[in-house]
Each structure stands twice: as C-alpha cells, then as structure tokens.
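need a 3D model of the sequence below.
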Amino acid sequence: MKKIIATLLLGLVLPYAKVFSQTIYKGKIIDTNKNPIVGATIIASENRSKGTTTDFDGYFSIKLNERNVIISGVGYQTLTVTLHNKLNTILLKEKVENLEEVIVSASRETQERKEVPASIGVLTANGIKETKAFGIEQLVNQIPGVFMSSSKAASNEQHFMAVRSPISTKSLFLYIEDGLPIRPVAVFNHNALLEMNNTTFKKIEVLKGPASSIYGSEAIGGSFNFITKNPRKGFGGNLGFQINDLGISRFEAEASTTANEQYGFYVGGHYIQRKNGPVEHSNYEKFAITFKNVNDFSETLRWTNSVTFIDYRSDMTGSISEENYKNGNYKSDQTFTEREAKALRFRSTLEKEWNDDNKTSFNFMYRNNEMNQIPSYRVRQNRNMGQLTGTGSGEINSNKFRSYAGLIQHKINFNFADASLIVGTTVDFSPQDYVAERITVDVDIATRKNIGYTVNSGDYILNYNADILNYAGYFQFEISPLEKLKLTAAMRYDGFEYDYDNLIDAISGVQDTKVTYNSFAPKVGFNYNATEELGFYGNYAKGFTPPQTSTLFRNSKNNASGATVFNLNPAKFDNYELGTYFTIPSLLKVDVAAYRFNGQDRLISFRDDAGDFQQLNAGETRSQGIEIGAKFSVFDNVSISYSGSYATHKYISFFDNGVDYSNTDMRTAPNYIAMASINYKPTEGLLLTLEHEQIGKYNTSFEGQALVLEDSLGNQTFGTTTYKGHHVFNFRVNYEFSDLEVWGQALNIFDELYAVRASYNTFRKENSYSIGNPRAFHFGVKYNF
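Below you'll find the predicted structure:
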C-alpha cells in the first residue's frame, strides 16, 4: 500500500516539479561575419508553443525545462542546438539560396523576396550600421535607381528626390514608418523626411513604382518604409558622438529593455546642429526623440505604441548663382530665409492572430505638425532693364495640421494552392490651417544679397482652413496554381475631399469650395521561381496623386477675390515592369528590373519671366529604363556592390504658352544614376569602404527654352542648358572592438566641384545650383552598453 501511495504522489508532484525546474537560458545569435541576427526564432524542440526571438543586438532569453531548441532565421540555415547555463553564442550560416530575404513593405505583411512581384531595394540593419550615416541620403542612395539629392554642406535634410522620375520636390514618393504614412495626403508629403528620427532605423525598404494598390495616393515613384527598432530583451543601449569640418556635430543615445519577458521599452534620439559651415547662411539644428513600447501579452497578441517628437530649425540657403558656382564660391544670396518645424506623431497598433490562418491589425495614428518659413525659393529680386533695383519680394507662410487616422487590415490564409487574401480599410481626417503673406525684400545691389525684409501685414497670398478627408478600402489576393508560380492581384479605392474655407474672401483667393477626387488603383503581378537561386517577376500597377492643397488653392494669375479653383488635374501613372533575381551561392547576388512608367497630367514647376513659380500639368510623360543591384563577393573579406539605373525621361505631349515641348527630354532628369562600393575587411572588427557616386548629364531647361546668346543688335539665340553630371568618391573606415565603435569618413576625396541639383532660372537667364560639399572629413565614436 505504501508503494502505491508513493507512486501516486510522485505522479502528482513530478509534473509540477518539472514546471518549477524551468531554467532561463540566454544567448546571442550571429552570422558568419559575427554580426547579430535580428528577429531569429528560438523554439523548444519538444514544446513548440515555447519560443522567442532575438532583439536588435541578436540577444535572446528563454525560460525552458529542456535544453534542446530549434533556431531559424529568414535567409539562414535552421539549426538544432543544446543550450547551456551560460551565454550561448550561436552561429547561423546563410542558406544556399538567398531569395528568402524578408520583405514587409509590399503588403504590410511578412513575405519573402521571391514572393514579391516588384522591384524592391532593402538596406538591412547591418548595412545601416556599416554606413555610419549622418544623413538619410547616405542610406537610401544605396538602393538601385534612388537619388536623394541633399547637400551635405548646406541642405540640412531639405532635399530633392528622384526614383523613376526627374530630380524634384514633387509628391511622387510616399514616406512611411512601420507601414503608416508620416504625413497625410495633400499636405506636401515631401517634407516628411524632416520629421524622421533616423536613430531609430532598423531597416529601410524601398518599393519602386506605384504601390497605390496598398498605400494609396503619392505611392507613385517609390514608397520608402523606415522600419524602426524594437526593444532588446535585456537592458542595453549606446551613446554616440559625430563631428565634421562641414560644421556638423551630432549627439545620439539609445536605451531599451524588456520587463517580465513581455513588456518592452525603447527610447532613442539625437541632437544635430550645423554652425559656420562652408556655405553661407546654412546653420541648422534638430532634436529628435522616440519612445516605443511593445507588449507581448501572448504568442498571438501584441500591442505596440510609439511617439516621436521633432523640433527643427534651418537656414534656407537656396541655390547659388552660376558665377559663384563656377568660381567655387560658396556664398549665398540669402541672409534671413529659414524654416522651422515641430512635429508630434503617435501611433498605436494592436496585432491579433486568431488562429494559424487569420490575423488582424488595428492601427491608430495622431499627428500634430507646424511649419513656419520664409522660403528662399519664393524670394525674387526686382530688376529694371536687367539691373537690380535694391528691392525684391517674397512671402512668409505657416502651415499647421492635425491628423486622426485609422487603419484595419486582416489576412486570411486558405488551405488550397498557398492562397491568401488581405483586406483593409483606412480613414485619415486632417484639418489644415495655412497662411501666406507677402514681404518686401531689401537687396544690397553691390553684393546681390537679400539683407532684410518687411512683412506687408494683411497683404495675404493665402489664408484658409481646409478639412482634408481621405477614405479607402483595398484587397490583395495571392495564389500559387503551380508550385513555382505565384500570382498577385490587388485593388484599392480612394476617395478624397478638400473642404476649403477662405478666410479672406473679400480680399483675395479662391472662393469657398469643396473639391472631391476618387481613384481606383489596380495591380497584377506574378513570380516564377525556376530554382532556389533564380526567379522572375512582372507586374502592371496604376498610381494616382491629387494636387496638394496649397498648390490647388494658390491662384495662378493675380489672386483676385472670388476666383475659381486653379485648374490642376490629378496626376495618373501606369507602370509596366519585368525583372529577375538570382544568386550564385556565396559569390553573387543580383536583382534586375526593366520598366516603363507612363504619366498623364504629371505636375511640373517652373519659374516664369516674373520670377514666380508656377505649376502645370505636363500632358503625357514617359520614363523607361533598367535598374540593377548586385553584390559580388570576391573573397571572404572583399566584396563589390553596385546599384545603378539607366533611363530616359520624355515629355510625350506637353505645351506651355504655345510652345510645343513634345518628344523632348524632361528637365533635371539624369539618364544615369549609380552608386558603387568596394568593401574590405582586413581583420576582425575593421572595415574599409571606397564609395563612388555618379550622376549623368541632364538638361536644366526645357529644350530650346534658354537664352544662350544675345548680340549687340538684340538678336537672341535660344538653346538648352545642361548640367554635366559628376563623379564623387568617398572613403570610410569603421573599427569595432569590445563595446566601442570608431569611424572616419573622407567625403569627396578628390574635391570635385559638383551640384546635387541644377536648374535653369528663366528670370536670371542662367543656371542655379544647389551645391554639393567640398572635400570634408567626418569622425564618430559610439559606446555600446
């Protein structure tokens, strides 16, 4: 009897003893280059419901009553290991095939590269770490076909952009953070990058071509998804400092931890300033901070919250004259133009996995932005018979908006042909207040500088409130009728309403009105993966972008009271694309895309003979070309990377003031854009990188528009002005030992005189240049704890 009772007691106690005997195992997962692997999965061998993932630094912590675990990561070979009661350092090797790179931007859901029928460029956490960027352009310009044009000497994060399009500030690109837009539609989305905190970037994905079927309007030339860091499992962070002889200094810090294995907290930010740079009137400062909280209530329920605050102020240097540029003179005509911005952004996301086949995400976003500026691009110097009069004009403006946005997305996996369906709906309501008043500018005739201004109080250009409403519904269906073939079809409907209230009806501006637009944006595509190393894709996608509110309601002629809405049409685009991706294991990885990008009513801007900027629909345009991204591993410690595009950009049908510019090259549209680098790791912790940026020749004026010669009799000869392009070489040295990272950069090592953008000024009858940086040296140090 005693034996029977003892046996029964043991049977009752042992299961609980097993639970209470659980051990916490800790470790770090790295790749063959000893870089941390982010997001690797650790699952118990016997109890598959027990698992965790690695944090940004590759660390994990897991409580188990067994020692054997299965470790996997996208793009890496799965490994089964036995954990020990110490810090376990585990190395994962890359898979023979490297087409399993994880992508989230194509559908807001995790996909492998071989499942995405589009050209997409990815900059990984390791790529961001090795670049040691102090500007976003140093990161995104590594993506094939992307050129973010920003002067390291003066632009202060103010920039132009080109992806399958001319270099411009047009709203053809969507900037999103963790899948949600930084700015609402129609409120000059181009300024969104000023409101980013690049300390938080874990990964960057650029989806090229229209992505309107998922993201809606403005996702035309490219969609930039900045994916932010999640909290670490254990406490840690870093402190960093950077400085260069372009007047820049930067301080940054991060810290994060996770409590009770469930509640993660992250804070990261930076302060950057420029003082006394090589270009006159180019000081700036920016403070950026982000708080992020990730709550893993269970294996199937996650709640993420983040808040970002940006405080930004910058001189607006403007472009420099042709004479100053050719003489290498970095003097600016401006002394008071500036831009100030404050941005507060909150987002909350609840993700619920109902079962293996159903998942829903609920998203809410609040934005509160204010931008005040005296823009350099609005300043005009008055002339009489070609001579300066000592006066000029310009404007001072203020743009404020608040946003309340919600998005719900649901994914269903079907049990046939690897089929899935994504459905979603979104609403964004953004009340906007906009005021612009004229200013009188004082001009020093001797130096040609704008030395002061007076606000013409009450002399309004615009003064309005506008309630901007965007509502949409979308779906994306995927199916694999054959093992190697995946088909994708998507559609989104968008409705837009601008409810415009002119606060100066009796004085100036467009009469009160409500403007509405709507759009259907379809997309169809395929992926055919012939082998584990080779795949092909193709797609057709349609894009749509409505006019910006400040452009639409800015009267084109004389701002007469009671005017009707300026006649601007929404821009529409059709994209046709074929591509391939392939790898030669441990040697070569290539991604190639060929596209044709047709535009109708694309908006262009130009400066008229009076010096005022005007907006016009350009009729029909066509951009077509090829994009190539390649990485060649010459040796284990030497690799060559190349990102390039060759394209033509044409006005197919375009008339301006009776002049036919059809079948001519578009302005500020280089045929060739490329970034190449050689990376050499001579020893552990040391990385040497030589980088080459090349921009091809392009027109700065319409063909035949520019006055190139005028003789003594007044006979004029017209032609086309150009920018010759440039080659710029940069060199980086990164060294990492223990918990310390130090680096140095030599920028423009051959001291090439170049411009990040050049355009023809019809008022001055010459090119104006946004000048690039002279030779400069940059240094940084970071302590990781």
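
what's the first helix or strand after the longest strand along the chain?
In the chain, with assignment by DSSP state E, the single longest strand is strand 449-482. Next in sequence after strand 449-482, counting helices and strands by DSSP states H and E, comes strand 485-502.

that older thread, for the longest strand of the chain, packing partners?
Counting contacts by 3 or more C-beta pairs under 8 Å, 6 or more residues apart in numbering; DSSP states H and E, strand 449-482 is packed against helix 212-215, strand 387-413, strand 420-444, strand 485-502, helix 549-552. The C-beta positions use only the backbone N, C-alpha and C, and glycine is treated the same way.

excluding chain neighbours, what is closest to D499?
D467 (4.2 Å; C-beta to C-beta, 6 or more residues apart in numbering).

same question, E66
E46 (5.5 Å).

re the thing from before, highest average neighbour count across the helices and strands packed on strand 449-482?
Of all these, helix 212-215 has the most neighbours on average by mean count of other C-beta atoms under 10 Å, namely a mean of 27.

show me what contacts the residue nearest to E497 when sequence neighbours are not counted?
Distances taken as C-beta to C-beta, 6+ apart put L469 closest to E497, at 4.4 Å, once the chain neighbours are dropped. L469 makes contacts with 427-430, 495-497, 499, as judged by C-beta atoms under 8 Å, 6 or more residues apart in numbering.

quick one: which of the residues you listed is nearest to K286?
S430 (23.5 Å; C-beta to C-beta).

how far off centre is stretch 379-390?
39 Å (C-alpha atoms, centre = their mean, to the nearest Å).

could I get the average pLDDT for it?
In this model, stretch 379-390 has a mean pLDDT of 89.

run through who's touching it.
Against stretch 379-390 from outside (C-beta under 8 Å, 6+ apart): 318, 333-334, 337, 391-394, 441-445, 448, 450, 610-612, 763.

mind listing the residues bridging to the residue nearest the centre of the chain?
Taking C-alpha atoms, centre = their mean, the centroid of the chain lies closest to F224, which sits 3.6 Å from it. Beta bridges link F224 to Y175, V206, judged by DSSP bridges.

how much space between I771 and S119?
Separation of I771 from S119 (C-beta to C-beta, to the nearest Å): 31 Å.

more neighbours, those two?
S119 (29 against 26; other C-beta atoms under 10 Å).

that one: what's it in contact with?
144-145, 207-209, 577, 579, 591, 593, 595, 627.

let me know the closest of those residues to F477.
Distances from F477 to those, taken by C-beta to C-beta, are shortest for L207, at 18.3 Å.

correct me, but that closest one touches A106?
Yes - look at L207 against A106 with C-beta atoms under 8 Å: they come within range, at 6.1 Å.

any residues in contact with both of those two?
Common neighbours of L207 and A106 (C-beta under 8 Å, 6+ apart) are 118, 120.

now do the phi/psi pair for the residue nearest to E66.
With angles defined as degrees, to the nearest 10, E46 sits at phi -90, psi -40.

report the separation between it and T52.
From E46 to T52 the distance is 16 Å (C-beta to C-beta).

low-confidence ranges in the chain?
1-21, 32-33, 75, 94-102, 189, 555-567, 604-617 (pLDDT under 70).

quick check: closest non-adjacent residue to R108.
G179 (4.7 Å).

oh sorry, the question was meant for S314
Here the residue nearest S314, using C-beta to C-beta, 6+ apart, is Y284, at 3.6 Å.

surely that neighbour and S155 touch.
No - Y284 is not in contact with S155 according to C-beta under 8 Å; the separation is 9.2 Å.

just the buried residues of the host helix or strand of I128, please?
Element membership for I128, per DSSP H and E: helix 125-131. For helix 125-131, the neighbour count (16 or more other C-beta atoms under 10 Å) marks 125, 128-131 as buried.

ok, these vs Y434, which is closest?
I128 (35.7 Å).
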